[in-house]
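Novice: Need a 3D model of the following:
(4 chains)
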4 protein chains.
Amino acid sequence: MTPTDARTGVWLIGARGSVATTTVAGCAAIAAGLHPPTGIVTAAPAFADVAWPPLSSLVFGGHDPTDRTLPGKAAELAAAGVLPHDLPAAVARELAEADREVRPGGPSTGDTRTDDELIASFAADIASFATRHDLPRVVVVNVATTEPAAHPDDPRLPPSSLYAAAALRAGCPYVNFTPSTGLRSPALASLAADSGLPHAGRDGKTGQTLLRAVLAPMFSQRALTVRAWSGTNLLGGGDGAALSDPAAAAAKNAGKARVLTDTLGHAPQGEVHIDDVPALGDWKTAWDHVAFEGFLGTRMVLQTIWQGCDSALAAPLVLDLVRLVARAHQAGLSGPLPDLGFYFKDPDGGPGGLAEQFAALSAFVARLRTSG
Amino acid sequence: MTPTDARTGVWLIGARGSVATTTVAGCAAIAAGLHPPTGIVTAAPAFADVAWPPLSSLVFGGHDPTDRTLPGKAAELAAAGVLPHDLPAAVARELAEADREVRPGGPSTGDTRTDDELIASFAADIASFATRHDLPRVVVVNVATTEPAAHPDDPRLPPSSLYAAAALRAGCPYVNFTPSTGLRSPALASLAADSGLPHAGRDGKTGQTLLRAVLAPMFSQRALTVRAWSGTNLLGGGDGAALSDPAAAAAKNAGKARVLTDTLGHAPQGEVHIDDVPALGDWKTAWDHVAFEGFLGTRMVLQTIWQGCDSALAAPLVLDLVRLVARAHQAGLSGPLPDLGFYFKDPDGGPGGLAEQFAALSAFVARLRTSG
Amino acid sequence: MTPTDARTGVWLIGARGSVATTTVAGCAAIAAGLHPPTGIVTAAPAFADVAWPPLSSLVFGGHDPTDRTLPGKAAELAAAGVLPHDLPAAVARELAEADREVRPGGPSTGDTRTDDELIASFAADIASFATRHDLPRVVVVNVATTEPAAHPDDPRLPPSSLYAAAALRAGCPYVNFTPSTGLRSPALASLAADSGLPHAGRDGKTGQTLLRAVLAPMFSQRALTVRAWSGTNLLGGGDGAALSDPAAAAAKNAGKARVLTDTLGHAPQGEVHIDDVPALGDWKTAWDHVAFEGFLGTRMVLQTIWQGCDSALAAPLVLDLVRLVARAHQAGLSGPLPDLGFYFKDPDGGPGGLAEQFAALSAFVARLRTSG
Amino acid sequence: MTPTDARTGVWLIGARGSVATTTVAGCAAIAAGLHPPTGIVTAAPAFADVAWPPLSSLVFGGHDPTDRTLPGKAAELAAAGVLPHDLPAAVARELAEADREVRPGGPSTGDTRTDDELIASFAADIASFATRHDLPRVVVVNVATTEPAAHPDDPRLPPSSLYAAAALRAGCPYVNFTPSTGLRSPALASLAADSGLPHAGRDGKTGQTLLRAVLAPMFSQRALTVRAWSGTNLLGGGDGAALSDPAAAAAKNAGKARVLTDTLGHAPQGEVHIDDVPALGDWKTAWDHVAFEGFLGTRMVLQTIWQGCDSALAAPLVLDLVRLVARAHQAGLSGPLPDLGFYFKDPDGGPGGLAEQFAALSAFVARLRTSG
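Specialist: Sure, this is the predicted structure:
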């Protein structure tokens, strides 16, 4: 079987959430020619001549402890205007197929298994999926709701790290699209180093931080002094509720602040708020207020308002990362992939400005193009 | 006399306007250590090791037909909060010195001189300035109020082109910081080509277009489809009155549109308005509304509001361009300098995105660094 | 037949447009209990004890020269997210019934009929509708696309005035929800005066002007000086195309300016732009920028951004006006109804601030309550 | 001595803060004819025929524990652009006179006086001021930095309540312009009731809540359903630091929420943030995001951005309240004055919408007009 004939597995942690459902439904719709691949960077003309896994070759499964189903979630998203209202029906088969491959994961309340037993169980789920579908490669992607920050003296691994460890144990490349810990646990450092597998993270850059990654370099390049950068995010989906918890927001805010210090060279004044506003559903509004000084200390202001749909912003990047990491795995790369900083708020190194990150991505793609 | 000991002339077309006055006053204030060089890119650490003409070595003069004076204009700008209120007194000597070097230019109403006579007269003014101050080099910069678009079948050159021709005839590098025609007249093409002088333009990129030059590439790089990009500018200074005239606004809007087509690859829907709002004085507010489509056609919106002081944004760039073009002249460069596209809405070629423009500028500075 | 048993006719000029379609579909949906009557002021608890014509008693018809149909337009609006996507099917019968009562009107290209012949023809259409459905009362409402401003020396009446004259000739109360001329033609003054019929207009207040009518009084009441009030409207439906024509926009902008001069006592600086942005469809974005001065001349700024759906904002007001004018007719009122200024940008007199207009409306409703 | 010949005392708690300094300097500047009375409602034509205490008749003093001086604070405010830069010099005499009448108040650290001793001491300061200047009437106004919320089981009165009690004990009308407790302590209820003095509060309505008080009624009157109302305030003066403390912000946010529940009839989703951004100094930016539903559940959004100078917004209202409460005292009124709800976020009763509050104020002024 030649590489491009092979199917590629995508194992989603949080497989019945908004991002996962939009990813599965959208992949099917684009593969069927119902929609153009808007938002998928690896489908843009400049990157088109790489032997990416075709969207039609992706096979989805994953872990999710909730009772809902992928078709049910898709119907809910369509009613809320997040998905085109006729899409759930059009891709009903693909949603049902993916839903059959979802396992509950854990740990559930009262679960007495040790961390190692949980990891082994999750890894077995993934391995079984690969075997069942004869998949030479499965990319594991965390798109679950952000977990509360781990307590520093808790001897147990947070769930996101259990799943990350399971991915490596099952021999799978791993992507952490959320601010949760994932592979960034000291306890997993040697496992990651010894695994020989590529991995990427963390925290997909889909809105406010994306803007900051293009605007902050502008101030630096123009030698303007940013005095304060303040922001408020309103969002109503699962992430709104999760991140309005200060503990859960801590990791996310650290990522948001990082892009400013990386590109401005200092941390300006100002805070970032994340408010849970259920009335907004999956729609997110981010207001940013930048107070800066120019020539002779003149005070000026830039404000931005970003109104986007979180799932629609995230899903194409998930598909990109699956393709990029699958190709990287195939090319024998291992360890963190700092060249994918374009996608993350809190990347594994690399430059902070979006333009430099895009240049790094382009160079990485050029290497993949010739590596196969 | 070694190059760095020499003084450099700066001849400003529109020498008693807001931008010119802020440039002269600010240069003096920074040279005297009263303010840090915020907004001057060539003073940033990354570019500091080039033998730029020191700010203290710049000698100012120029053409201006108005009756006001530089000290008077500075007092007016300080009262309006555009300059720090104690600055006019602190740099009174430098303002008065520059004011003594201002000549009326022309043509005034009823002026019967031919274009060639006007050019000769302006060139003589510049040459006399250079001789009087023993200046090895004078950079001519157009910072005059935008002129109405030239009528295509008018046999006379527009004033901005007369001044541009005079600069070349006087052997001076030339910068057009405005949307006026300047050297972009077919009638001046061979003069420019034969002059052996470097020149740069046009239309300083200080606000809305600066933002567009960083935001438009973001949409391209993320494979998001921009459907419409609409904008309104409110400004009250001389440019507000000049540009609310549709004829004068035409050139400026062409520059604004260019950055979108250059970076997006297509011209989105949407218009740009420039409103004269005298109550705002030299302060400018630009609102932009970007309607874009993401994954599965989801419609999303980005809005930006930029509140800046036009003179404070322009003046440091004028000082940058004087230094860059003076060094280019000294290094023997000639013709248009597309590597300075970072500074212009409507540059002489080069990339459209700000990050690429900054990279081009950085490479250009690296060449200058080693050329002296 | 007692008044509340009787059915009330609603004859819509522009009967297959977005506003008309939303009005017909929404009336049916609310009458059927599918949606609460959000946005209908006469359904609010404070006004509920008046014997309004029930929504279920309204019978729709109208003039429209286009080839589309009400069900077709409803499907289009649902696809664009303007109507709930399942609504066209749910009220298919009511849409089809209304569509059968639509007549082409005129004049079409090449139509040789005189104004009087056209009026007679339109009036006959309305009278026939009333007879056919045994309607004691038909309210005529203009919701057609805004027509270009009439040329002052054109001897012909503009179409909106022909329809207004037809309403009166047919003995029907008349409402002009658009900025078109309607009854505001000097040629119709005596007809209106002699008709004994109530009428109301003009130009429904649904967005930017609604905001201005609440914000401008705030500045007056607080003794703050508004220096400039600037605005830009982006909209993409039929009105976007019609109003981006400066001639058509003239009447609308006059209405928008009126609210400021009425409530501030002077006309501030600033312009209003209406841009056609087809990508926005029926969604409208209005940005307003208010530069004001406070204590000791301190300069401050208020900005507002209104993102609404034009049809959804207009339709419930159309239903309100039908009910109010029907009751006024029933109560024997005639002539212009300045107490309905709450609904209009350019009302027939009365106060300019929304609070005073709401008080006037409340008093008017109190009179209707006791008049029956 | 006739009423209009008499001088009126103004005793400011927080007498050397930004609001107090702007009040004293502005009062002098307007009395001297240097500025028009912009922002002073009682100086507007509609209210001009009342025998208000002339601005030139006001005598200022107050309590302030800080080391700074009024002239020093005025110079600081002028440097920051809050006061016109030539104002401190122009009103230097009046600033110095007021500064001589400032007493430290208390309690300072280690102060062993009981609450009653402190009240007696403060009251003696006020009485001595009245005697020294032969003032028939002194209005006490709290403009001090917001204090932390009182601990419910703290047996001591918070400082604002000590000062409020001192005002009553000294026989003076009292105004609380801050969210601090002041007279709203159960322990002071009988003192206030028995004092026979008028009083008003609390928390001056100068920005975000002012807007909410005009916008919220608009939604109600139009029968639109507000789903969520979110807001963020950025400010850098003393209040920024004080209110970024959640305990201090609690009272303020209660006031902000009250206007919504009072006018909408329910509490929408959404939070209010107050961020300390020192770079903004006395300038305040408030962003509000209102998610509302219209006809058929259509989701729409209004956003507002208010950029104001806190002291410039507050000072004219302080002068208004001094005049209003002085006249009320002269007219023999006592107890809370709910008709002054126009000025407060958290008033002593009365309607919540600004228009109704202005009507109540107008009626109150009409009674004062005829009462003298």
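
Novice: start to end distance for stretch A:165-179?
Specialist: 16 Å (Cα to Cα, to the nearest Å).

Novice: does chain B sit close to it?
Specialist: No: judged by Cβ under 8 Å from any Cβ of the partner chain, stretch A:165-179 stays clear of chain B, getting no closer than 14.4 Å. Where C-beta positions appear, they are placed from N, C-alpha and C, glycine not excepted.

Novice: Make sure A:Pro136 is indeed in a helix.
Specialist: No: counting by DSSP: H, G, I helix; E, B strand; the rest coil, A:Pro136 is not found in a helix; it is coil.

Novice: quick one: contacts for the residue nearest to it when sequence neighbours are not counted?
Specialist: Leaving aside its sequence neighbours, A:Pro136 sits nearest to A:Ala6 (Cβ to Cβ, 6 or more residues apart in numbering or on different chains; 5.0 Å). Going by Cβ atoms under 8 Å, 6 or more residues apart in numbering or on different chains, A:Ala6 touches A:53, A:57, A:135-137.

Novice: and the closest residue to A:Ala130 other than its chain neighbours, how many residues sit next to it?
Specialist: Nearest in space to A:Ala130, with sequence neighbours left out and distances taken as Cβ to Cβ, 6+ apart, is A:Val138 at 5.0 Å. Residues near A:Val138, counting by other Cβ atoms under 10 Å in any protein chain shown, number 25.

Novice: Run through the residues that contact A:Val138.
Specialist: The neighbours of A:Val138, taking Cβ under 8 Å, 6+ apart as the test, are A:8-11, A:126, A:129-130, A:170, A:172.

Novice: Identify the farthest-apart pair in those.
Specialist: Based on Cβ to Cβ, the longest span within those runs between A:Thr8 and A:Ala170 and measures 14.5 Å.

Novice: Is the lengthiest helix in chain A positioned near chain D?
Specialist: Assignment by DSSP state H gives helix A:310-330 as the longest helix of chain A. No: judged by Cβ under 8 Å from any Cβ, helix A:310-330 makes no contact with chain D; its nearest approach is 15.6 Å.

Novice: Show me what that helix packs onto, helices and strands only.
Specialist: In this structure, helix A:310-330 packs against strand A:8-13, helix A:18-31, strand A:138-142, strand A:174-176, strand A:198-201, helix A:354-371, with contacts taken as 3 or more Cβ pairs under 8 Å, 6 or more residues apart in numbering or on different chains; DSSP states H and E.

Novice: Return the list of helices and strands in contact with the very next helix or strand once past that helix.
Specialist: Moving toward the C-terminus from helix A:310-330, the next helix or strand (DSSP states H and E) is strand A:335-336. Applying 3+ Cβ pairs under 8 Å, 6+ apart, one finds that strand A:335-336 contacts strand A:198-201.

Novice: end-to-end on stretch A:325-337?
Specialist: Using Cα to Cα, one end of stretch A:325-337 lies 9 Å from the other.

Novice: Which positions in that stretch come out as buried?
Specialist: Across stretch A:325-337, burial judged by 16 or more other Cβ atoms under 10 Å in any protein chain shown covers A:325-330, A:333-334, A:336-337.

Novice: ok, so of those, who is nearest D:Arg100?
Specialist: A:Pro336 (68.1 Å).

Novice: what's the burial count for the closest residue to A:Phe122 other than its chain neighbours?
Specialist: Sequence neighbours aside, A:Ala166 is the residue nearest to A:Phe122 in space, at 3.4 Å (criterion: Cβ to Cβ, 6+ apart). Residue neighbour count, defined by other Cβ under 10 Å, stands at 26 for A:Ala166.

Novice: circling back to that earlier point, and the helices and strands packed on helix A:310-330, which is most packed in?
Specialist: strand A:174-176 (a mean of 31; mean count of other Cβ atoms under 10 Å in any protein chain shown).

Novice: what are the pairing partners of it, and which direction each?
Specialist: Paired neighbours of strand A:174-176 in the sheet (DSSP bridges): strand A:138-142 (parallel), strand A:198-201 (parallel).

Novice: which non-adjacent residue is nearest the residue nearest the centre of chain A?
Specialist: Closest to where the C-alpha atoms of chain A average out (Cα atoms, centre = their mean) is A:Phe177, at 2.2 Å. Spatial nearest neighbour of A:Phe177, excluding adjacent residues (Cβ to Cβ, 6+ apart): A:Gly204 at 4.5 Å.

Novice: How many residues are close by that neighbour?
Specialist: A:Gly204 - counted by other Cβ under 10 Å - has 27 other residues nearby.

Novice: That one reaches A:Tyr343, doesn't it?
Specialist: Yes: between A:Gly204 and A:Tyr343 there is a contact under Cβ atoms under 8 Å: 6.2 Å.

Novice: what sits in contact with each of those two?
Specialist: Contact criterion Cβ under 8 Å, 6+ apart; residues shared by A:Gly204 and A:Tyr343: A:Leu317.

Novice: Next up, the contacts around A:Ala79.
Specialist: So A:Ala79 contacts A:His85 (Cβ under 8 Å, 6+ apart).

Novice: What residues does the stretch 251-372 of chain A have near chain C?
Specialist: For the stretch 251-372 of chain A, the residues in contact with chain C (Cβ under 8 Å from any Cβ) are A:Ile305.

Novice: Can you name the residue of the stretch 251-372 of chain A nearest to chain C?
Specialist: As assessed by Cβ to the nearest Cβ, chain C sits closest to A:Ile305 within the stretch 251-372 of chain A, at 7.3 Å.

Novice: How about chain A?
Specialist: Of all residues in chain A, A:His85 sits closest to chain C, at 4.6 Å by Cβ to the nearest Cβ.

Novice: residue contacts, that residue?
Specialist: A:His85 neighbours (Cβ under 8 Å, 6+ apart): A:78-79, C:85.

Novice: Which members of the residues you listed occur in helices, if any?
Specialist: Going by DSSP H, the helices hold A:78-79 from the contacts of A:His85.

Novice: Can I get the contacts of A:His85 in JSON lines including pLDDT and distance to D:Pro37?
Specialist: As requested, the contacts of A:His85 are exported to JSON lines (pLDDT from 0 to 100; distance: Cβ to Cβ, whole Å):
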{"residue": "A:Ala78", "pLDDT": "94", "distance to D:Pro37": "59"}
{"residue": "A:Ala79", "pLDDT": "90", "distance to D:Pro37": "56"}
{"residue": "C:His85", "pLDDT": "91", "distance to D:Pro37": "57"}
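
Novice: ok, so of the contacts of A:His85, who is nearest chain B?
Specialist: For the contacts of A:His85, the nearest to chain B is A:Ala78 (10.5 Å; Cβ to the nearest Cβ).

Novice: The closest one against A:Pro84, yeah?
Specialist: Yes: if you go by Cβ under 8 Å, A:Ala78 and A:Pro84 touch, sitting 6.9 Å apart.

Novice: wait, isn't A:Ala144 in contact with A:Arg16?
Specialist: No: shown here, A:Ala144 and A:Arg16 do not form a contact pair, counting by Cβ under 8 Å, at 10.0 Å.

Novice: Quick one: residues contacting A:Glu182.
Specialist: Glu isn't right for residue A:182; it's Gly. Applying Cβ under 8 Å, 6+ apart, one finds that A:Gly182 lies in contact with A:142, A:160-161, A:163-164, A:174, A:176, A:201-202.

Novice: how does it look with 10 Å?
Specialist: A:Gly182 sits next to A:13, A:142, A:147, A:158-165, A:167, A:174-176, A:188, A:199, A:201-203 when contact means Cβ atoms under 10 Å, 6 or more residues apart in numbering or on different chains.

Novice: so A:Leu162 is in which element?
Specialist: helix A:159-169.

Novice: what mean pLDDT does that helix have?
Specialist: Mean pLDDT, computed over helix A:159-169, is 97.

Novice: just checking, what packs against it?
Specialist: In terms of contacts (3 or more Cβ pairs under 10 Å, 6 or more residues apart in numbering or on different chains; DSSP states H and E), helix A:159-169 is packed against strand A:8-13, strand A:58-63, helix A:115-132, strand A:138-142, strand A:174-176, helix A:189-195, strand A:198-201.

Novice: and the gap between A:Ala193 and chain D?
Specialist: In this structure, A:Ala193 and chain D are 41 Å apart, going by Cβ to the nearest Cβ, to the nearest Å.
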